[in-house]
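# pasted the sequence and its predicted model underneath.
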Amino acid sequence: MTAAEILKDLKNRKLKPLYLLHGEEPFFIDEISNYIEHDLLNDAERGFNQTVFYGKDTETMAVLNAAKRYPMMADYQIVLVKEAQDMKWGSDDEGKKYLNPFLAYLENPLKSTVLVFCYKYGKFDKRKKAYKAIEKNGLIFESSPLYDNKIPAFVESFVDAKNYKIQPQASALLAEYLGNDLSKIANELEKLMLNVAAGQEITSQHIQDNIGISKEYNVFELQNALAKRDVLRANRIINYFEANPKSNPFVLVLGNLYFYFVKVLKYHYLAVKSPQNVAKELGIGPYQVANFEQAGKTFNFNKTMQIISYLREYDVKSKGVDNTADHGELMKELIYKILH
């Protein structure tokens, strides 16, 4: 199930006695657990029927004792274990020597308890008996990082849920600059929406005014300038980057350019270069297809390979290897080599 499907079931009170929320992407784990903690019970019910543990300071027996209680004046109680990756889960071998009461509970949980484990920044060991017991009697959700090409869709979905709309160029601009840290993206969008009227379409101008990303001087516009071999425009942009290093760190520019030219290389490999197939295979929006068509004409296969080699070389130089130039000088050298 997806996070959205789980939230829908929670809102409809279709509950499981056990939940294991695990994976490398914390955003969706937090989204689900926050709803369970703050919205599943009302204020009166929460005081008697909700217990929150933190893994580092928690033993399984404490969780077990809380889970085995019955709710007071409510249909169910919630036992929430945050940072469960730090909890001492015990060994499966314990069950061979004597009855493991915690595992026994997971194999036969109370229907009136909603026991939730938030296991963040990694995957739970699927070989564990605890995993298999939760899988059998509850629900397991694995939260995986989103690929870069999925971030604009996440942005659009996030703002849509808040009754806003966002221009494709604006969502792409956010994705280019904020990467795939979903919590950071959500936080920036939350702050942005405080300054945009409900129902209004979010534009690149809104992002420039409220998040500090320039509408004219950003990596997205640099890509366009390079694709058109617009030397003057490209140099104006990198001069802006050099003057605003905190907003445009060289490592971020390098990373974005690297993934951009990898897509240009992939474009050269495509047998079918129809707009629909280009968008599908490169994982881009339809409005971005023209840019890659232009880049394919500007940079042939061999030149694209050479540029990717340059990007790797300057990534090493940016870390101080065989280099004494500052990041601004490195950026100018790199753009010169790309365009000549």
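Received it, and whenever you're ready, just let me know what you need. Numbers count the residues shown, from 1 in each chain.
# so what's the closest residue to G199 other than its chain neighbours scoring on pLDDT?
The shortest distance from G199 to any non-neighbouring residue, by Cβ to Cβ, 6 or more residues apart in numbering, is to N163 (6.0 Å). The C-beta positions use only the backbone N, C-alpha and C, and glycine is treated the same way. We have a pLDDT of 88 for N163.
# next, N163: secondary structure please.
coil (DSSP: H, G, I helix; E, B strand; the rest coil).
# what is the burial count for it?
By other Cβ atoms under 10 Å, 10 other residues sit near N163.
# that one and V196 touch, don't they?
No. Contact criterion Cβ atoms under 8 Å: N163 and V196 do not qualify, at 11.1 Å.
# so the residue nearest to G199 versus I151, what's the distance?
21 Å (Cβ to Cβ, to the nearest Å).
# now do the same contact list for the residue nearest to the spatial centre of the chain.
Nearest to the mean C-alpha position of the chain, by Cα atoms, centre = their mean, lies L182 at 3.5 Å. Each residue near L182 by Cβ atoms under 8 Å, 6 or more residues apart in numbering is listed here: 25, 27-28, 146, 154.
# check the secondary structure at the nearest residue to D125 once chain neighbours are set aside for me.
Nearest residue to D125, sequence neighbours excluded (Cβ to Cβ, 6+ apart): Y131, at 6.5 Å. Secondary structure assignment for Y131 (three-state DSSP): helix.
# Y131: neighbour count?
Y131 has 19 nearby residues by other Cβ under 10 Å.
# next, the contact list for it, please.
So Y131 contacts 20, 124-125, 140 (Cβ under 8 Å, 6+ apart).
# and the gap between it and E201?
Taking Cβ to Cβ, one finds Y131 at 44 Å from E201.
# can you pull the contacts of A279?
A279 touches 285-286, 288-289, counting by Cβ under 8 Å, 6+ apart.
# and what of A175?
Going by Cβ under 8 Å, 6+ apart, A175 touches 148, 151-152, 155, 185.
# mark which of those residues are part of helices, please.
151-152, 155, 185 (DSSP state H).
# narrow the residues you listed to those that are buried.
151-152, 155, 185 (16 or more other Cβ atoms under 10 Å).
# return the helix or strand in the chain with minimum mean pLDDT.
helix 94-97 (a mean of 47; mean pLDDT, DSSP states H and E).
# what sits up against the helix or strand just after that one?
Later in the chain than helix 94-97, the nearest helix or strand by DSSP states H and E is helix 101-107. Outside helix 101-107, the residues that touch it by Cβ under 8 Å, 6+ apart are 18, 60-61, 63-64, 67-68, 90, 92, 94-95, 129-130, 133-134, 136-137.
# of these, which belong to helices?
60-61, 63-64, 67, 94-95, 129-130, 133-134, 136-137.
# re earlier: show me which of the contacts of A279 is closest to N244.
Ranked by distance to N244 (Cβ to Cβ), the contacts of A279 are led by Q288 at 24.7 Å.
# what pLDDT is listed against that closest one?
Looking at Q288, the pLDDT reads 86.
# need the contact list for it.
Q288 neighbours (Cβ under 8 Å, 6+ apart): 172, 279, 282.
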